[in-house]
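Undergrad: Here's my sequence, what's the structure:
(one chain, ligands or ions: 1)
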Amino acid sequence: MSARNAFPLPGHLPMSIQKEARKITTHTLQEMKRAGERISMLTAYDFSTARIIDDAGIDVILVGDSASNVMAGHETTLPITLDQMIYHASSVVRAVQRALVVVDLPFGSYQGNSKEALNSAIRIMKESGAHSVKLEGGANVRESVERIISAGVPVMGHLGLTPQSIYKFGTYVVRAREKEEAQRLMEDARLLETIGCFAIVLEKIPASLARKVASTLKIPVIGIGAGGETDGQVLVLHDMMGINKDFSPRFLRRYLNLYDDMKNAAQQYIRDVQSGDFPNQEEQY
Ligand code: KIV
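TA: Got it, this is the predicted structure:
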C-alpha cells in the first residue's frame, strides 16, 4: 500500500462503513468524535493478541503499562521499564494493520524532566514504530507534554485514577468525587487539550464528571470506569477476556472466561498425555 493510500482522507461514507478501508489516525479519532461515533480501545502487549483485535476492527490499541501487572505479575505499574515497553510495543506494531497504536510512557521516564520525557517518547516512536504515546497527569507534566508534542509526537493524556501515582493515592477507589478534585481534573483536561493532546483517558471517576469533560472538550475523551457518555471506552484485554480471575471492579464487563477455559484445556491435555491418548495415529509422522 502506498503511503498516500495508507492514510485516506475521510470520504462521504459514514466512518463506520469506511472502517475496513482506512487506517486509524489521531485525526480519524477527532472526526469520529465530531460524527458522534464511539471509539473502541483495548490493551495488547504481544503480536498474536494485537493481530486478533486489529482484525476484529478495534480503533485503538493501547500498549499499556498494565503489562507490568498482567504480563509480568507485578503488583503495580511502577516497575516496568522503557526497554520493556518498547519490546511490547514493537511486537504489537508488527501485527497491526489498521488500529492506532498508543504506548504508555512508563513511570520515571517523563515526570519532572521534559528533556528525558522527549527522549523517552522518541525512543518509543523510533524503536517500536508506534504512532503515539500516553502519559499520566495534567499541569504537573505540562512541560513534558509540550516538549513531546513540539517534536511531532502525538500525546494522549490520562487523568482521574492514574495508577503510576498509586502510592500517593494509597488506594484504587474512585477519584474526583469531591468538588475540589473534580474542578482540578476539569482544569487539567482543558489544559491538556489546549497544549495539543489528541485525546484523553479518564479512569475511574463519576460518570457525571466524565460526561461534563467529554462535552466540554473538542478532543476525544475515552473512559474506563467513567460511565457511558464519554467518546469511547477502553478496557484491559486480560480483564475483559476473563484471563484475570481476581480483578472484578464494577466497571468491568467480562466477555469470556478464558482463565477457566484455558485451565480446562490444559487439564485435558495433561490427561491425554498421561493416558497416551495424545498423540494419536493421525498426529504423528
Ligand atoms: O495501562 C493501561 O492499561 C491503561 C488503561 C487502564 C487505560 O492505562
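
Undergrad: When you work out contacts or count neighbours from here on, use the C-alpha atoms and nothing else.
TA: Will do.

Undergrad: May I ask which helix or strand encompasses residue 158?
TA: strand 155-160 (DSSP states H and E).

Undergrad: Secondary structure element holding the most centrally placed residue in the chain?
TA: The structure's the chain has its C-alpha centroid closest to residue 62; by C-alpha atoms, centre = their mean the separation is 2.8 Å. According to DSSP H and E, residue 62 maps onto strand 60-63.

Undergrad: can you tell if that strand touches the ligand?
TA: No - using C-alpha under 6 Å from any ligand atom, strand 60-63 never reaches the ligand; the gap is at least 6.9 Å.

Undergrad: Spit out the contact partners of the residue in the stretch 151-285 of the chain that the ligand sits nearest to.
TA: At 5.3 Å from the ligand, residue 236 is the closest residue in the stretch 151-285 of the chain, using C-alpha to the nearest ligand atom. Residue 236 sits next to 42, 43, 44, 66 when contact means C-alpha atoms under 8 Å, 6 or more residues apart in numbering.

Undergrad: Quick check: the nearest residue to the second one once chain neighbours are set aside vs residue 103, distance?
TA: This means residue 43. Distance criterion C-alpha to C-alpha, 6 or more residues apart in numbering; nearest residue to residue 43, sequence neighbours excluded, is residue 62 at 4.5 Å. To residue 103, residue 62 is 6 Å away according to C-alpha to C-alpha, to the nearest Å.

Undergrad: Adjacent strands (with direction) for the helix or strand in which residue 41 is found?
TA: Assessed by DSSP H and E, residue 41 sits inside strand 39-43. Using DSSP bridges, the strands paired with strand 39-43 are strand 60-63 (parallel), strand 232-235 (parallel).

Undergrad: pull the CA atoms of that strand into PDB?
TA: Taking Å, rounded to 0.1, in the frame of the first residue of the first chain, the C-alpha atoms of strand 39-43 are listed here in PDB:
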ATOM      1  CA  ILE A  39     -14.200   4.900  19.800                       C
ATOM      2  CA  SER A  40     -13.200   1.400  20.900                       C
ATOM      3  CA  MET A  41      -9.900   0.800  22.600                       C
ATOM      4  CA  LEU A  42      -8.300  -2.300  24.200                       C
ATOM      5  CA  THR A  43      -4.800  -3.100  25.500                       C
END
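
Undergrad: Beyond it, next helix or strand please.
TA: helix 47-56.

Undergrad: what packs against that following helix?
TA: helix 82-95 (3 or more C-alpha pairs under 8 Å, 6 or more residues apart in numbering; DSSP states H and E).

Undergrad: Let me know the average pLDDT across the helix it packs on.
TA: Averaging pLDDT along helix 82-95 gives 98.

Undergrad: in it, what's buried?
TA: 82, 85, 86, 87, 88, 89, 90, 91, 92, 93, 94, 95 (16 or more other C-alpha atoms under 10 Å).

Undergrad: Tell me which of the strands paired with strand 39-43 sits most buried.
TA: Between the strands paired with strand 39-43, strand 60-63 has the highest mean count of neighbours, a mean of 27, where neighbours are mean count of other C-alpha atoms under 10 Å.

Undergrad: Mind checking what helix or strand follows it in sequence?
TA: Next helix or strand after strand 60-63 toward the C-terminus (DSSP H and E): helix 67-70.

Undergrad: Next up, the contacts around the closest residue to residue 235 other than its chain neighbours.
TA: Spatial nearest neighbour of residue 235, excluding adjacent residues (C-alpha to C-alpha, 6+ apart): residue 42 at 5.3 Å. By C-alpha under 8 Å, 6+ apart, residue 42 lies in contact with 58, 60, 61, 62, 234, 235, 236, 237.

Undergrad: Right, I'll call it a day here.
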